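> Need the 3D shape of this:
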Amino acid sequence: MEQVKQPKKKISHALMAGILIILIFLGVSLGILGSSTYLGGMMSRYEAHIESLLRLVETRIDADDLKACIENGKHSEKYDELQVLLDEIKETCDIKFIYIVKPLNTDESDNMMNVIAGVSEEERALHADILVQLGQLTGTDYSAEVAGTYLDRMDRSDAITFYGNKTEFGDMYTGLTPLHDSNGDPVAILAVDIAIDEINQTLGKYNTITGMSVVFLALVAMVIAYLWLQHRVVQPLVKMEAAYTGFVESSRNITNPDELVIADTDIHTKDEMEALSDAFSAMSEDMKRYMKTLVSETKEKERIASELNMATRIQANMLPNHFPAFPGRKEFDLYATMHPAKEVGGDFYDFFLIDDDHLALVVADVSGKGVPAALFMMTARTIIKTKAQSNPTLSPKELLTEANTALTENNDEDMFVTVWLGVLQISTGVLTYSSAGHEKLLLYQDGTWRMLPKMGGVALAMWEPEDLEFMDETYQFQNQTIKLNPGDAIFQYTDGVTEATDANNELFGDDRLVDAMNGASSTQPEELLPQVRKKIDEFVKDAPQFDDITMLSIRYKGSQA
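As a prediction, the model looks like this:
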């Protein structure tokens, strides 16, 4: 028996891993958001500071005078005033550099010309030998890429351009604006550099602190979440898993549902876990009651099955099933079979001697299947046989009439039975028969089986006798007579033969029955009937049997046999 599978992973581990991933994701996301917000805010402030300085200086510059100074390489009065302004800005405005340069080309060296730069008092005292000089080329101070940026700004409007750059003095953030003369021609570039090393250092510290904080808070949150989940989720689930696994295992090892014990999970979380536990407990109790009901129903079904098996044997024993049926009579050979679709059926056959010279033959089919049909079948068989043996002079038509009267009494379930009843005079071979709505008779004469026309007559117990008297003659019982010569035979059956159905819902039918009869190797009843049944089975194959199959055949051998 398959055992309950144990979990390969603990839910607590999965929950903790999920919480850790979520906390790390949130921490990293918040760190990136904070870092980008801080950087964006600081850079916006720097840009505003740079822009205010550029606009201030730009309004104090005479670009035409500055252009002349650049061309002749000499200072002017306005040039000296500009130097004082730039020095004051450098000294007081917390910037790294403020200067004016003229971009020349994008070579690797001497691609820029120094025009003027602001200098602090400290720089003049310590680095007087390296101060910017008008007309001085920059050598390799500017890369070709940076020189290209400055040249590109010369051809644009007075809009300010910002860019970041790594220099020998550290990380810089630079703002550029072009200077134009009175004719609108570009003269030079005014630039302000602000060192952003402090920002980068601050960001580095922020990211380090944030990362450590995220790790620390994640660990603390994991511990808190673990303890909480253990108390509110994991432990209740473990209790429920143990209780219900034990219930399932015990249900497989006992036969009495009353012995099933459902362990108390003792969950009092006042939330969905407690509701889930209560629901499982209620379901387990329902399952226990269901198992008790199932056991009871199973016993009842076994009892019914046992009784049906007994009914099958009783029904089989009620029908004549010892062959040869009349060992002392050599004038005929007789054989019959009945195969019910269920444990018990509504078909029946019968044969008995009315007197020493008359043999009664009966084949009948009761409406419905199962036990009700079997009970009605036994009643009909008993009535017909009793009527025939107690009144030997009655013809088949008269016997059916009296049987109909008896069967319609107390027939509250409105059941009915089709009957073929024949009486063979053994000494002459004359067969007189009548039909109560039954199938057509097959006759073997002159080496061939053929199907005789269907006779009139309605099924027994379908109509009250007084109603039947006023009906058309096609509803009335009729007698028909056949003279059987030695070697002749008859075959009668129920509709389970011709209405046997294959998987495609196709019926076996009259034509296939006649072909099967003529294709049989013998007319001897004990050999004929199995061959016909074989043809039916070959036709339906694996399709289920929906109706009882009953067959009877008698072969007349003559009174001198």
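
> For the chain, which residues score under the pLDDT cut-off?
1-12, 127-130, 156, 247, 250-264, 304-316, 343-345, 561 (pLDDT under 70).

> if you set the cut-off to 50 instead, what comes out?
Low-confidence segments of the chain, defined by pLDDT under 50: 1-4.

> Break it down into its structural domains.
According to automatic domain parsing, the chain comprises the domains 60-195, 321-556.

> out of those, deepest packed?
Of all those, domain 321-556 has the most neighbours on average by mean count of other CB atoms under 10 Å, namely a mean of 18. Glycine gets a C-beta too; all of them are placed from N, C-alpha and C.

> all strands in the stretch 301-450 of the chain, in order from the N-terminus.
Using DSSP state E, counting those that start in this stretch, the strands of the stretch 301-450 of the chain run over residues 332-339, 347-355, 358-366, 417-425, 430-436, 442-445, 448-451.

> For these, could you give me a markdown table that also reports distance to Ala380?
Below are the strands of the stretch 301-450 of the chain laid out as a markdown table (distance: least, CB to CB, whole Å):
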| stretch | distance to Ala380 |
| --- | --- |
| strand 332-339 | 14 |
| strand 347-355 | 8 |
| strand 358-366 | 6 |
| strand 417-425 | 5 |
| strand 430-436 | 10 |
| strand 442-445 | 23 |
| strand 448-451 | 25 |
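
> Quick one, which of those gets closest to Asp152.
strand 332-339 (104.5 Å; CB to CB).

> Who are the packing partners of that closest one?
strand 347-355, helix 525-540, strand 549-556 (3 or more CB pairs under 8 Å, 6 or more residues apart in numbering; DSSP states H and E).

> so what strands line up beside the shortest one?
For strand 549-556, the pairing partners within the sheet under DSSP bridges are strand 332-339 (antiparallel), strand 489-493 (antiparallel).

> quick check: angle from it to helix 525-540?
150 degrees (axes from the mean of the first three to the mean of the last three CA atoms, to 10 degrees).

> again with the first one
Direction vectors for strand 347-355 and helix 525-540, defined by the same axes, to 10 degrees, enclose an angle of 170 degrees.

> Next one: the closest residue to Val233 other than its chain neighbours from Ile19, what distance?
Nearest residue to Val233, sequence neighbours excluded (CB to CB, 6 or more residues apart in numbering): Met273, at 6.8 Å. Separation of Met273 from Ile19 (CB to CB, to the nearest Å): 18 Å.

> List the backbone torsions phi and psi for Ala191.
Dihedral angles of Ala191 (phi, psi; degrees, to the nearest 10) stand at phi -140, psi 150.

> I figured it hits Tyr99, correct?
Yes. Ala191 is within contact range of Tyr99, at 5.8 Å (criterion: CB atoms under 8 Å).

> Now do stretch 537-552: everything it contacts.
Residues outside stretch 537-552 that contact it (CB atoms under 8 Å, 6 or more residues apart in numbering): 334-341, 345-349, 351, 361, 363, 365, 369, 491-497, 499-503, 508, 512, 529, 532-533, 536.

> Spatially nearest residue to Ile354, not counting backbone neighbours?
Ile354's closest residue in space is Pro392 (CB to CB, 6+ apart), at 4.9 Å.

> Can you show me the strands along the stretch 51-200 of the chain?
97-103, 112-117, 161-167, 170-180, 186-195.

> Give me the helices and strands touching the first one, please.
Read it as strand 97-103. helix 77-92, strand 112-117, helix 144-154, strand 186-195.

> Remind me what the third one packs against, helices and strands.
Read it as helix 144-154. strand 97-103, strand 161-167, strand 170-180, strand 186-195.

> mind redoing it with 6 Å?
strand 97-103, strand 170-180, strand 186-195 (3 or more CB pairs under 6 Å, 6 or more residues apart in numbering; DSSP states H and E).

> tell me the angle of the first one relative to helix 144-154?
Same thing as strand 97-103. 80 degrees.

> ok, strand 97-103: who's next to it in the sheet?
Short version: by DSSP bridges, strand 97-103 pairs with strand 112-117 (antiparallel), strand 186-195 (antiparallel).

> ok, residues contacting it?
For strand 97-103, contacts defined as CB atoms under 6 Å, 6 or more residues apart in numbering pick out 86, 89-90, 112-118, 147, 150-151, 188-193.

> chain center to it: distance?
74 Å (CA atoms, centre = their mean, to the nearest Å).

> In PDB, could you pull the C-alpha coordinates for it?
C-alpha atoms of strand 97-103 as PDB (Å, rounded to 0.1, in the frame of the first residue of the first chain):
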ATOM      1  CA  PHE A  97      38.100  76.700 -10.900                       C
ATOM      2  CA  ILE A  98      36.600  79.600 -12.900                       C
ATOM      3  CA  TYR A  99      38.300  80.400 -16.200                       C
ATOM      4  CA  ILE A 100      38.000  81.400 -19.800                       C
ATOM      5  CA  VAL A 101      39.700  79.400 -22.600                       C
ATOM      6  CA  LYS A 102      39.600  79.400 -26.300                       C
ATOM      7  CA  PRO A 103      39.400  75.900 -27.900                       C
END
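
> And the helices in the stretch 1-150 of the chain?
Using DSSP state H, counting those that start in this stretch, the helices of the stretch 1-150 of the chain run over 11-59, 63-72, 77-92, 121-126, 144-154.

> Now do the last one: distance to the chain's middle.
A distance of 66 Å separates the C-alpha centroid of helix 144-154 from that of its chain, computed with CA atoms, centre = their mean.

> what bridges to the closest residue in space to Pro396 that isn't next to it in sequence?
Take Pro396 and drop its neighbours on the chain: the residue closest to it by CB to CB, 6+ apart is Ser434, 3.7 Å away. Here Ser434 shows beta-bridge partners Leu421, assigned using DSSP bridges.

> what residues are up against Ser434?
Per CB under 6 Å, 6+ apart, neighbours of Ser434: Pro396, Lys397, Leu400, Leu421, Phe477, Asn479.

> returning to what we had before: which SSE is the residue nearest to Val233 in?
Per DSSP states H and E, Met273 falls inside helix 272-318.

> which secondary structure elements does that helix contact?
Going by 3+ CB pairs under 6 Å, 6+ apart, helix 272-318 lies up against helix 235-253.

> re the thing from before, quick one: the helices and strands packed on strand 332-339 as TSV, columns for distance to Asn485 too.
Converted to TSV, the helices and strands packed on strand 332-339 look like this (distance: least, CB to CB, whole Å):
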stretch	distance to Asn485
strand 347-355	20
helix 525-540	17
strand 549-556	7
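
> For Leu23, which of those is the nearest?
Among the helices and strands packed on strand 332-339, helix 525-540 comes nearest to Leu23, with 70.3 Å by CB to CB.

> for that closest one, the distance to its chain's centre please.
Taking mean C-alpha positions (CA atoms, centre = their mean), helix 525-540 and its chain are 46 Å apart.

> Just the CA trace of it, in CSV.
Presented in CSV, the C-alpha positions along helix 525-540 are these (Å, rounded to 0.1, in the frame of the first residue of the first chain):
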residue,chain,number,x,y,z
PRO,A,525,-30.5,-28.3,-31.8
GLU,A,526,-27.6,-29.0,-29.4
GLU,A,527,-25.1,-28.1,-32.2
LEU,A,528,-27.2,-25.4,-33.8
LEU,A,529,-27.8,-23.1,-30.9
PRO,A,530,-24.1,-22.7,-29.9
GLN,A,531,-23.2,-21.9,-33.5
VAL,A,532,-25.8,-19.1,-33.6
ARG,A,533,-24.6,-17.7,-30.3
LYS,A,534,-21.1,-17.7,-31.6
LYS,A,535,-22.2,-15.7,-34.7
ILE,A,536,-23.9,-13.2,-32.3
ASP,A,537,-20.7,-12.9,-30.2
GLU,A,538,-18.5,-12.3,-33.3
PHE,A,539,-20.9,-9.5,-34.4
VAL,A,540,-21.1,-7.6,-31.1
